[in-house]
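Asks: I would like the atomic coordinates for the input below:
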Amino acid sequence: MRFKAVSINILLLITSFTELIAVDPPESKRLRGRITDLTSPIVEDDWKHHTIGNFWNRVTNFNYVGDDAYEGRTPSGDYPGGSGNSYLYRGTLWLSGFADGIFHSSQGSDHEFSPLDSVILYTGDDAVRGEQETYTKYYDVYTPLAENHTPLGLEITERTFAWSASFADDFIIHEYSIKNVGIDSDGDHYPDIERDITDFYFTVRLDADVSKLPDWGAEDVYSNIDDYVMSDGTNFDWLETIEQMAGVDHGLSEEDKDSSMMFMWDGDNRHQNAENGQPDDFGNPGVDGTLQSPGFIGLKVLKTEPVMPKHSFHVNHISNDPASDQEAWSRMISDPSFENIFEMGYPAYDYRGLFTVGPLDILRSGDSVIVTIAYGVGSDPARGSTYSLVDLFNIMNTAQWIVDNNYNLDISAMVPAAPEVTAEELIVNGVVTGIGVTWNDLAISHENFQGYKIWRGDSRTITGEIDWEPLGAGIYDIDGTWPPPSGTAAGSYQLVDAPVTNGFDYYYSVQVYTDTIKDPINLGPVFTSILDKNSFKVIAPANAIADNLNSVKVVPNPYIGSARWNNNLPSDTFPWQHRMQFTNLPSDAVVKIYSLDGDFIDEVQSGYGVRSGDDLLADTKKSVAEWDLITRNNQEAAPGIYMFIVDSQSLGQKVGKFVIIR
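Replies: So this is what the prediction gives:
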């Protein structure tokens, strides 16, 4: 934990102790200004995150899919999971129809749904259809954040389903049960008048900013100004009109043109060079040419009950969103066509797509309609372009198969569970000599077990992914290299990673993979998630908790601002920038930092870490205290020589020096 205190003379402090009170920062929750009262059914805004697969996303109780925050963004269509590379700005519903002969549209993008329940997350045995599920409920009867809204009288129960196995980890399925509950006539915010809705339409609005790396702002030149949108309701000839997508033997045919999907990708903004200086920024090439946005994010309508026909696909952009129900009807709902954005001559812009099914002739009072869709990302990381689009079609076909088979998907029968993995320092005489990666052998008894893949990483790519490489032999297959080295405990395996550097993050994962699975569908070999919570571990090695103060060190010393140790691209999502460590501490150490003139600069204690905003950060060990080089006055510490004092009630005091070089 971090401390702040008043300035005090350094000589006085050496001979006396000052008791300081630590204050934890208050919990914060971003509310949208929801108006609630004791008589209203509306509850506070709430959200949960799916983070078990390769596609991480936020589910809310106010109809938003993803996180449209400009600061402090949480996973929002992040792909690959854990990278912080966000493909989605916001997905919302438009629910439309005629009540008493007048067209009305309730639109999530205009705050025209209010939460009725929190978001409940189910995992393990509590998840019935997926490996991870959510439930929530909202309605359009009373929407205090909306302006000039006329409700249709709809209550929506939303359920979502996600999986971690490799064949189903690139998408999340959303099921919307939409009930006609009536409207409120007496101002108590509860429906009390029944009425039928005729010509009911279900529309999904996809606003995908492809993509937003953690250090890119929401309106960055690489984030949203060149995001194109299309649907599969148009012949695939349009692929040949785009230079970067032409000439690929994609295999897409009339059979694939089923008018059930729309998708967005990062196209070429002819007015903006890529980060590596090349004029073509299709897929956002980074400084080393790596595609930072190779994927296509899309959604597919998988099922409607009762059946509603596929109706239309339309495009608009940031400057011409419909401003009224009548505009929504005339421009986006009434026209039963599937637009081709390239035939319309649209240049690079911040587009969004609207995909509609319907109409349902009548949604009677008390009746419901159920619509199931999937959000996901298809990606060919090396080639991007049309290859990623084909991958999106493939993953959506799997989502379609799951829904068509009523979620009859016993993952545990198909794939062994990911092993329990530990990653621990191997310490000799108090000093780290390596990291032992240990896992159990329970998976080998599964009938489909084929082998293990063991990974380690010590850095992240420019797209935020862990830069994985094999550990040891990397692959241990029962038909090849077998078995892995035995661990110290019965029924375990262990590999050692050595040497390692204290303080750096090291990532480890053990994947189980299967023999080819052909029943109930040909899936080929299937892998457990490389980020499975049981088998993925991150550790920043540190020496053992000290029993004396003789080995206290400052790392690095001298401190150099441009070192790999630091976060050289701070952002709203990953705000920290600098860090240095005081190591080989006892668990009760308090480190006080001073200028050579004796001015008190700051104070930290053992176990305190400065980094934040990343789901894949290692915990700070109790033998370490970190400092972010920010003074107690919230200023960056100037270059120069500093003194520190380690105070320990159990071991006494230690005085030392360190140097900061900017």
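Asks: which residues does His49 contact?
Replies: Shown in contact with His49 (C-beta atoms under 8 Å, 6 or more residues apart in numbering): 56-59, 74-75. C-beta: built from backbone N, CA, C; applies to glycine.
Asks: before we move on, which element is it in?
Replies: Taking DSSP states H and E as the definition, His49 sits inside strand 47-50.
Asks: that strand: partners in the sheet, and parallel or antiparallel?
Replies: Paired with strand 47-50 in the same sheet, following DSSP bridges, are strand 57-60 (antiparallel).
Asks: for the residue positioned nearest the centre of the chain, what are its contacts?
Replies: Residue closest to the average C-alpha location in the chain (C-alpha atoms, centre = their mean): Pro75, at 2.7 Å. Applying C-beta under 8 Å, 6+ apart to Pro75 gives the contacts 49-51, 56-58, 67, 81, 84, 86, 615.
Asks: rerun at 7 Å
Replies: 49, 51, 56-58 (C-beta atoms under 7 Å, 6 or more residues apart in numbering).
Asks: my guess is Pro359 contacts Thr203. True?
Replies: No: the criterion here is C-beta atoms under 7 Å, and Pro359 misses it with Thr203 at 11.1 Å.
Asks: about what we covered before: so which of the contacts of Pro75 is the closest to Thr134?
Replies: For the contacts of Pro75, the closest approach to Thr134 (C-beta to C-beta) belongs to His49, at 9.3 Å.
Asks: rewinding a little: possible to save the contacts of Pro75 as a markdown table with pLDDT?
Replies: Putting those into a markdown table (pLDDT from 0 to 100) gives the following:
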| residue | pLDDT |
| --- | --- |
| His49 | 96 |
| Thr51 | 94 |
| Trp56 | 97 |
| Asn57 | 97 |
| Arg58 | 97 |
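Asks: how about those, which pair is most distant?
Replies: Every pair of these checked by C-beta to C-beta; the farthest is Thr51 and Arg58, at 9.8 Å.
Asks: the more surrounded of those two?
Replies: Arg58 (24 against 20; other C-beta atoms under 10 Å).
Asks: that one and Thr74 touch, don't they?
Replies: Yes: when contacts are counted by C-beta under 7 Å, Arg58 is listed as touching Thr74 (5.7 Å).
Asks: by residue count, what's the longest strand in the protein?
Replies: In the chain, assigned by DSSP state E, the strand with the most residues is strand 351-363.
Asks: how about the helices in the chain?
Replies: Assigned by DSSP state H, the helices in the chain fall at 10-15, 325-327, 385-404, 411-414.
Asks: tell me the mean pLDDT for the longest strand of the chain?
Replies: Mean pLDDT, computed over strand 351-363, is 96.
Asks: one more: stretch 392-407?
Replies: Per-residue scores along stretch 392-407 average to 96.
Asks: pick out the least confidently modelled helix or strand of this structure, by mean pLDDT.
Replies: helix 10-15 (a mean of 30; mean pLDDT, DSSP states H and E).
Asks: quick one: the strand holding His49 to chain centroid distance?
Replies: Offset of strand 47-50 from its chain centre (C-alpha atoms, centre = their mean, to the nearest Å): 9 Å.
Asks: next one: stretch 649-662
Replies: 39 Å.
Asks: how about low-confidence regions in the stretch 451-600 of the chain?
Replies: Residues of the stretch 451-600 of the chain meeting the criterion pLDDT under 70: 572-573.
Asks: before we move on, back to that, got a markdown table for the helices of the chain, with mean neighbour count and distance to Asn276 too?
Replies: A markdown table is the format used below for the helices of the chain (neighbours: other C-beta atoms under 10 Å; distance: least, C-beta to C-beta, whole Å):
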| stretch | mean neighbour count | distance to Asn276 |
| --- | --- | --- |
| helix 10-15 | 12 | 50 |
| helix 325-327 | 15 | 42 |
| helix 385-404 | 20 | 17 |
| helix 411-414 | 14 | 41 |
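Asks: need the ones you listed in JSON lines (columns: distance to Gly286).
Replies: Below are those laid out as JSON lines (distance: least, C-beta to C-beta, whole Å):
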{"stretch": "helix 10-15", "distance to Gly286": "47"}
{"stretch": "helix 325-327", "distance to Gly286": "40"}
{"stretch": "helix 385-404", "distance to Gly286": "16"}
{"stretch": "helix 411-414", "distance to Gly286": "35"}
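Asks: out of those, nearest to Val646?
Replies: helix 10-15 (11.3 Å).
Asks: average pLDDT across stretch 241-255?
Replies: Rounded mean pLDDT across stretch 241-255 is 90.
Asks: how long is it end to end?
Replies: 21 Å (C-alpha to C-alpha, to the nearest Å).
Asks: what is the neighbour count of the residue nearest to Asp188 when sequence neighbours are not counted?
Replies: Leaving aside its chain neighbours, Asp188 sits nearest to Thr39 (5.9 Å; criterion: C-beta to C-beta, 6 or more residues apart in numbering). Thr39: 9 surrounding residues under other C-beta under 10 Å.
Asks: show the pLDDT at Ala618.
Replies: Reading off the model, Ala618 has pLDDT 87.
Asks: hang on, isn't it packed against Asp505?
Replies: Yes: Ala618 is within contact range of Asp505, at 5.0 Å (criterion: C-beta under 7 Å).
Asks: which residues are common contacts for these two?
Replies: With C-beta under 7 Å, 6+ apart as the test, Ala618 and Asp505 both reach 538, 540.
Asks: tell me the contacts of Ser293?
Replies: 210-211, 266, 283-284.
Asks: switch to 10 Å and redo it
Replies: 79, 85, 87, 209-213, 222-223, 226-227, 265-267, 281-286, 379, 384, 388, 463 (C-beta atoms under 10 Å, 6 or more residues apart in numbering).
Asks: one more: Val181?
Replies: Val181 touches 139-141, 151-156, 190-192, 194, 365-366, 368, counting by C-beta under 10 Å, 6+ apart.
Asks: appreciated, that's everything.
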